[in-house]
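Visitor: Kindly generate the corresponding structure for this input.
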Amino acid sequence: MLRYLLKLASASLLMAVAATAVAQSDTYYAAHHNYKVVTVADDMVHPWSMAWLPNGDMLVTEKPGRLRIIRDGKLLPEAIPGTPEVYYQGQGGLFEVLPHPDFNENRWIYLSFSKPVGDGSTTAIVRGRLENDRLTNVVEIFAAQASGNSHYGGKMIFDDDGYLFLTAGDRQVPSTGDLTAHPAQDLSNHHGVIVRLNDDGSVPDDNPFVGQDGALPEIWSYGHRSPQGLAIHPETGDLWMTEHGPQGGDELNLIVPGANYGWPVVGYGVNYVSSTPIHGRQTLTGMERPVNFWVPSIATSGLMVYTGDKFPMWYGNIIAGSLVGEQLARLQMSDDYREVIVEETLAYNMGRLRDVRQGPDGYIYIAISDRAGAPSKVVRLEPVD
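Guide: Numbering: from 1, shown residues only. The predicted structure is shown next:
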């Protein structure tokens with residue numbers, strides 16, 4: 001508890017210092033590295049995810065259902081044809097774009113999105129071939145057995161063994177009554193889970209619930225609320241995830257196969273508006289504790305592990321974006337990369353930071369997706385001496 005309070009006090013001081021510095025200059029001041037924010041592309045509509053192809057093209061999804069290309073520093077005027085129909089309402093739309101690790105050989109890219117289903121929608125993945133700026137041979141390889149119109153998840157990543165991970169939220173099912181009966185605690189559906197797939201959407205034989213009666217075999221971990229960030233640490237191969245708590249209680253989690261992360265039985269947040277308790281307790285044996293949590297909530301979004309050469313003192317740090325806080329959280333890790341030892345807030349009032357990525361050039365890129373018709377854009381952080 002003492003360590004947490006010290007970290008909270010330190011973070012508050014850094015926030016105050018950074019806010020003052022930014023107000024006085026175009027330079028942002030941070031521990032080890034100062035930086036500036038450079039616009040890469042603007043006049044976009046809710047950019048949600050960014051990825052790079054081997055030839056240097058940058059792919060960006062726009063939530064209404066468009067896949068865009070930034071080529072040689074310029075946003076091409078036309079969207080890539082061939083994307084799937086999306087359920088574009090509320091939190092729904094086109095989510096992640098992810099090239100296959102062997103893209104040069106097979107030309108596959110993966111898109112996650114909210115798929116219209118009956119009078120609702122679910123989280124789904126399609127795979128298609130990207131050639132000559134067109135998407136062809138598009139095939140659905142996964143659709144979650146879950147329903148609702150929010151908390152879709154939709155983040156994807158490949159690990160070094162070529163397995164595909166996808167987050168799926170709890171679809172905002174109310175956390176009332178018997179909390180242990182909540183769908184996020186039920187392995188027979190895809191509410192509040194991370195799934196692990198082969199690159200064609202089939203189920204790996206060594207998934208933790210394969211062969212277990214009443215459990216869906218795609219599930220890798222469960223008991224999540226609204227997972228928003230997904231990253232693999234290059235030094236350890238560990239899978240990290242950030243998720244939204246309700247009013248408070250955002251979490252950074254180290255994902256263990258087969259583990260239960262507790263939503264809504266345990267947690268650090270409270271009900272919206274009323275601020276009344278949700279959970280009976282904050283921890284419980286058999287349920288994983290977060291490595292880091294935020295109270296109040298910062299509304300976590302994109303997640304990355306920095307390994308570039310432009311900000312060398314941040315190597316191995318976890319960097320998390322946020323929506324409500326409109327900030328970047330830099331998390332310096334312990335020597336074994338399993339514990340957060342320093343937290344610093346890097347930026348303020350930049351807009352809703354939907355995605356954060358390291359580019360092939362070593363800069364940090366951010367997709368800013370604003371509300372109420374405000375311009376949305378992609379920017380990058382560049383070091384300032």
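Visitor: Pass me the low-pLDDT residue ranges in the stretch 101-250 of the chain, would you?
Guide: Along the stretch 101-250 of the chain, the model assigns pLDDT under 70 to no residue.
Visitor: what's the answer for the stretch 251-385 of the chain, then?
Guide: Using pLDDT under 70, the stretch 251-385 of the chain drops low at 371-374.
Visitor: 90 - rerun?
Guide: Along the stretch 251-385 of the chain, segments meeting pLDDT under 90 span 271-277, 280, 324-327, 347-351, 369-375, 385.
Visitor: Pretty sure P208 sits against W220.
Guide: Yes. With contact defined as CB atoms under 8 Å, P208 counts as touching W220 (6.8 Å). Bear in mind the C-beta positions are built from the backbone N, C-alpha and C, glycine included.
Visitor: shared neighbours of those two, which are they?
Guide: Between them, P208 and W220 share these contacting residues under CB atoms under 8 Å, 6 or more residues apart in numbering: P257, G258.
Visitor: Tell me which of the two has more neighbours.
Guide: W220 (23 against 17; other CB atoms under 10 Å).
Visitor: Name the helix or strand for the closest residue to that one other than its chain neighbours, please.
Guide: Spatial nearest neighbour of W220, excluding adjacent residues (CB to CB, 6 or more residues apart in numbering): R196 at 4.1 Å. In the assignment (DSSP states H and E), R196 maps to strand 193-197.
Visitor: R357 too?
Guide: Going by DSSP H and E, R357 is in strand 353-358.
Visitor: what's whichever helix or strand comes after that strand packed up against?
Guide: The helix or strand immediately downstream of strand 353-358 is strand 364-368, counting by DSSP H and E. Applying 3 or more CB pairs under 8 Å, 6 or more residues apart in numbering; DSSP states H and E, one finds that strand 364-368 contacts strand 47-52, strand 300-305, strand 353-358, strand 376-384.
Visitor: Neighbouring strands - and their directions - for strand 364-368?
Guide: If you go by DSSP bridges, strand 364-368 pairs up with strand 353-358 (antiparallel), strand 376-384 (antiparallel).
Visitor: between those, which gets nearest to D159?
Guide: strand 353-358 (16.8 Å; CB to CB).
Visitor: Would you convert the strands paired with strand 364-368 into CSV that also reports distance to G73 and mean neighbour count?
Guide: Output for the strands paired with strand 364-368, formatted as CSV (distance: least, CB to CB, whole Å; neighbours: other CB atoms under 10 Å):
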stretch, distance to G73, mean neighbour count
strand 353-358, 16, 24
strand 376-384, 11, 19
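Visitor: For W48, which of these is the nearest?
Guide: strand 353-358 (5.5 Å).
Visitor: Just the CA trace of that closest one, in CSV.
Guide: Output of strand 353-358 as CSV, limited to C-alpha atoms (Å, rounded to 0.1, in the frame of the first residue of the first chain):
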residue,chain,number,x,y,z
LEU,A,353,-5.9,8.7,-27.7
ARG,A,354,-7.4,5.6,-29.3
ASP,A,355,-4.2,3.8,-30.4
VAL,A,356,-0.5,4.0,-29.6
ARG,A,357,2.2,2.2,-31.6
GLN,A,358,5.9,2.2,-32.3
